[in-house]
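Student: only geometry, no sequence info:
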């Protein structure tokens with residue numbers, strides 16, 4: 001069970017060009033269900049005293065259901081509230097996840113947002129690796145109703161947190177099977193130091209998602225990994241946000257896309273799988289849905305009712321079929337006229353400062369991307385599962 005990309009896209013030579021999310025995707029919407037946030041909770045560590053974390057649980061969270069977990073990290077000037085639009089205001093994870101759930105575009109998951117700059121350590125960002133692995137994860141797994149295996153853990157983050165994602169995720173593929181760094185900062189170690197076993201990486205990790213703004217002066221940190229993964233034929237998604245720098249816009253968009261790729265083999269609340277061709281249990285999803293309401297469930301059968309066999313297609317229709325033995329439906333990409341993706345950018349707040357020297361002022365997007373969802377892309381890419 002390893003990385004799952006189609007041969008023609010295995011190296012991710014070209015950017016994925018995922019579409020700009022719909023307008024308002026990162027704003028609080030009073031007309032949809034909201035998850036709960038346990039904000040700035042203290043948790044114990046073995047040697048670093050009490051540390052802080054915020055935890056988002058999805059709408060309808062129940063202790064009787066086991067959930068996968070995304071560990072989401074902030075940038076250099078941030079803390080456990082930065083992904084909640086507070087403090088250094090680096091993202092809006094709660095709003096993004098609420099938006100995805102309102103359209104059934106993501107599997108229910110818990111999002112853990114720690115203070116990744118360990119209090120009391122000489123280098124808190126480095127010290128967080130040990131705290132994350134040996135204190136925070138065990139605490140989360142005792143405190144919340146979660147699935148306790150690597151298939152159900154993801155690590156992600158922005159800027160310094162993107163560097164932490166590279167530095168903690170790739171050396172610990174026995175812990176994290178989904179790795180998603182955004183706009184990684186100079187704390188990122190070279191690929192040769194973090195990836196010691198390419199074969200194990202291909203075998204263990206299900207999704208690698210690397211993103212950055214096209215105008216980000218730090219893009220080289222991400223490009224180094226993109227190039228290394230290409231050279232070693234390691235499948236990954238390489239997402240470049242056009243005309244964006246080191247911005248909150250990039251980070252919210254990246255979370256929107258990455259979250260849709262997570263835990264598709266986990267049937268939260270049911271016995272079936274959520275990937276293409278799987279059967280859904282009570283509360284689980286049969287197949288997958290595409291963004292903008294265009295996709296249908298692909299080939300799953302639901303107990304007590306007929307399954308929906310269809311395709312995850314672009315909003316504009318048409319496109320090349322990507323059917324295979326692993327897909328009951330097809331993923332339409334190009335061929336029809338592209339559908340509108342919306343501007344995707346909320347009204348930008350004041351710029352936020354990143355003491356690494358990055359310009360973190362929020363940009364305004366307007367580019368329309370190809371009209372297929374990240375989830376539909378994954379269905380196309382995931383044909384090499386064996």
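Tutor: Happy to help now that I have it. Since the model is a prediction, treat every value here as computed from it, not as a measurement.
Student: okay, CA-based contacts and neighbour counts for the rest of this
Tutor: Will do.
Student: so which bits of stretch 192-206 are buried?
Tutor: Applying a neighbour-count criterion of 16 or more other Cα atoms under 10 Å, the buried positions in stretch 192-206 are 194, 195, 201, 202, 203, 204, 205, 206.
Student: among those, which are in strands?
Tutor: Judged by DSSP state E, strands contain none of those.
Student: just send the residues you listed back as TSV, with distance to residue 98 and pLDDT too.
Tutor: Below are those laid out as TSV (distance: Cα to Cα, whole Å; pLDDT from 0 to 100):
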residue	distance to residue 98	pLDDT
194	33	98
195	34	98
201	31	97
202	31	96
203	32	95
204	29	96
205	26	97
206	24	97
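Student: which among those gets closest to residue 121?
Tutor: Using Cα to Cα, residue 194 comes nearest to residue 121 of the buried residues of stretch 192-206, at 22.3 Å.
Student: gap between the closest one and residue 234?
Tutor: 14 Å (Cα to Cα, to the nearest Å).
Student: can you check residue 62 too?
Tutor: Using Cα to Cα, residue 62 is found at 37 Å from residue 234.
Student: which of these two has more neighbours?
Tutor: A count of neighbours by other Cα atoms under 10 Å puts residue 234 above the other of residue 62 and residue 234, at 21 against 13.
Student: pretty sure the more buried one contacts residue 203?
Tutor: No: under the criterion of Cα atoms under 8 Å, residue 234 is not in contact with residue 203, lying 10.1 Å apart.
Student: identify the residues contacting the residue nearest to residue 93 when sequence neighbours are not counted.
Tutor: Nearest residue to residue 93 in three dimensions, chain neighbours excluded: residue 83, at 5.5 Å (Cα to Cα, 6 or more residues apart in numbering). Going by Cα atoms under 8 Å, 6 or more residues apart in numbering, residue 83 touches 73, 74, 89, 90, 91, 92, 93, 94, 113.
Student: and those residues as CSV, adding neighbour count?
Tutor: Below are the contacts of residue 83 laid out as CSV (neighbours: other Cα atoms under 10 Å):
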residue, neighbour count
73, 30
74, 29
89, 23
90, 32
91, 25
92, 23
93, 24
94, 23
113, 27
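Student: next SSE after the helix or strand in which residue 41 is found?
Tutor: Here residue 41 sits within strand 36-44, counting by DSSP states H and E. The helix or strand immediately downstream of strand 36-44 is strand 50-57, counting by DSSP H and E.
Student: and the contacts of that following strand?
Tutor: Taking Cα under 8 Å, 6+ apart as the rule, strand 50-57 contacts 35-45, 80-81, 94, 109-115, 118-119.
Student: other SSEs contacting the next helix-or-strand element following it?
Tutor: Sequence order places strand 69-73 as the next helix or strand after strand 50-57, per DSSP H and E. Strand 69-73 makes packing contacts with strand 110-114, strand 153-158, helix 160-164 when contacts are defined by 3 or more Cα pairs under 8 Å, 6 or more residues apart in numbering; DSSP states H and E.
Student: what does strand 69-73 contact?
Tutor: 83, 109-116, 146-147, 152-158, 161-162, 164-165.
Student: which among those end up buried?
Tutor: Among the contacts of strand 69-73, the ones that count as buried by 16+ other Cα under 10 Å are 83, 109-116, 146-147, 152-158, 161-162, 164-165.
Student: so residue 249 sits in a helix?
Tutor: Yes: applying DSSP: H, G, I helix; E, B strand; the rest coil, one finds residue 249 inside a helix.
Student: tally of neighbours for it?
Tutor: By other Cα under 10 Å, neighbour count at residue 249 equals 26.
Student: gap between it and residue 26?
Tutor: 9 Å.
Student: what does residue 189 give?
Tutor: To residue 26, residue 189 is 31 Å away according to Cα to Cα.
Student: please apply the same query to residue 254.
Tutor: The spacing between residue 254 and residue 26, counted by Cα to Cα, is 11 Å.
Student: secondary structure element holding residue 254?
Tutor: Using DSSP H and E, the element containing residue 254 is helix 248-260.
Student: same for that helix, what does it pack against?
Tutor: helix 93-102, strand 178-182, strand 207-213, helix 374-381.
Student: remind me which residues of the stretch 51-200 of the chain are low pLDDT?
Tutor: Filtered on pLDDT under 70, the stretch 51-200 of the chain yields no residues whatsoever.
Student: and residue 187, what does it touch?
Tutor: 160, 163, 164.
Student: out of the residues you listed, who's nearest residue 58?
Tutor: residue 164 (24.8 Å).
Student: state the pLDDT value of residue 366.
Tutor: Per-residue pLDDT puts residue 366 at 29.
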